[in-house]
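>>> what follows is a predicted structure for the sequence shown.
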Amino acid sequence: MNNKVLGIIIVLAAIASFLGGATFTQWQTQKQGVALPTGEATPSPSAQQPAEPQAVLGAEDRGKIEGGGAAVKGSENAPITIVEFSEYQCPYCGKYVDETYFQIFNDYGDQIRYFFHDCPLPFHPHAQRLAEVARCAGDQDKYWAMHDLLFEKRDEWSEKEEITTNINGYAKQLGLDIEEFNACLDSGKYTQAVEDDMALGQAVGVQGTPTFFINGNRLVGAQPYSAFKAIIDAELSK
């Protein structure tokens, strides 16, 4: 074998090794449940990002996200506005709900106005549908009740391939008109709205779930309650 052929073999082997390593790295990071909206995975923000906010949105971008979305609650005059970009199958979104979400409302109550925006990640097969499920429940004034129930019961459905039975069970549990609810889902009434929400997130720099904006201050990942409290208290002191 001459030196030229040997050199070509070495180069090809190096390329194959690099590609194999890149594929493995992407697979490993996808398993952690946080990914770029494009589908490119990134490690958990909660593990790699500092607790302080990373950026502050300008007035124009704040105006875009502090309105619309999947649902809103709280007084329009509340001094603190929290905007969440999230989805129902993301494990870090569930961690945030378990450990922080309810404590924020327990401690700050009517000082909070809260917007939820959908950001269903492409490698979570139920995320888009569940975003539509919650919105259809919202047509019967049960958005937040369905939001809480989907997160509470996620261990029942998150690993299943087919979750229609679960969805119908939750709808019945909340006392929804099942015929109206299923008609909403089957029509795809909110499919485009969910996709538009995700596009809005990308436009303001959302790169993974969950991502929050607290009076425009961005906070990424399932950060501890103390990280939210620090920003909220700083905003209240202004």
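Done, it's in.
>>> from now on I want contacts and neighbour counts done on CA atoms only, so please keep to that.
Noted.
>>> who's the residue nearest the centre of the chain bridged to?
The structure's the chain has its C-alpha centroid closest to S86; by C-alpha atoms, centre = their mean the separation is 1.8 Å. With DSSP bridges as the criterion, the beta-bridge partners of S86 are D118.
>>> what residues are up against it?
With contact taken as C-alpha atoms under 8 Å, 6 or more residues apart in numbering, S86 is in contact with C93, F116, H117, D118, C119, P120, T209, P210, T211.
>>> just give me the neighbour total for the closest residue in space to the first one that isn't next to it in sequence.
This points to C93. Nearest non-adjacent residue to C93, counting by C-alpha to C-alpha, 6 or more residues apart in numbering: P210, 5.4 Å away. A total of 28 residues lie near P210 under the criterion other C-alpha atoms under 10 Å.
>>> same deal with the one 5 residues further on?
Residues contacting N215 under the criterion other C-alpha under 10 Å number 19.
>>> pull the contacting residues for it.
N215 makes contact with I80, T81, I82, E235 under the criterion C-alpha under 8 Å, 6+ apart.
>>> how about M198?
When contacts are counted by C-alpha under 8 Å, 6+ apart, M198 touches P37, H117, D118, C119, P120.
>>> could these be laid out in TSV, adding neighbour count, pLDDT and distance to A199?
Conversion of these to TSV gives the following (neighbours: other C-alpha atoms under 10 Å; pLDDT from 0 to 100; distance: C-alpha to C-alpha, whole Å):
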residue	neighbour count	pLDDT	distance to A199
P37	20	41	9
H117	27	98	10
D118	29	98	10
C119	31	97	8
P120	27	96	11
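>>> now for these: which two are most distant?
Set against one another by C-alpha to C-alpha, the contacts of M198 have their most distant pair in P37 and H117, with a gap of 13.3 Å.
>>> okay, buried residues for stretch 196-207 please.
When burial is assessed from 16 or more other C-alpha atoms under 10 Å, stretch 196-207 yields the following buried residues: D196, D197, M198, L200, G201, Q202, V206, Q207.
>>> among those residues, which one sits closest to T100?
V206 (20.0 Å).
>>> so how far is D107 from D233?
Summarising the geometry, the distance separating D233 from D107, computed by C-alpha to C-alpha, to the nearest Å, is 11 Å.
>>> checking F115 next. Helix, strand or coil?
Under the three-state scheme (DSSP: H, G, I helix; E, B strand; the rest coil), the conformation of F115 reads as strand.
>>> wait, isn't it in contact with K64?
No: taking C-alpha atoms under 8 Å as the contact criterion, F115 and K64 are not neighbours in contact, 11.5 Å apart.
>>> so who does G94 touch?
Y88, F151.
>>> return the distance of the host helix or strand of it from the chain's centre.
Counting by DSSP states H and E, the element that carries G94 is helix 91-96. Here the centre of mass of C-alpha atoms in helix 91-96, compared against the chain's by C-alpha atoms, centre = their mean, to the nearest Å, lies 9 Å away.
>>> circling back: let's have the contacts of S86 in TSV, adding distance to E76.
TSV is the format used below for the contacts of S86 (distance: C-alpha to C-alpha, whole Å):
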residue	distance to E76
C93	25
F116	15
H117	17
D118	21
C119	24
P120	27
T209	25
P210	23
T211	22
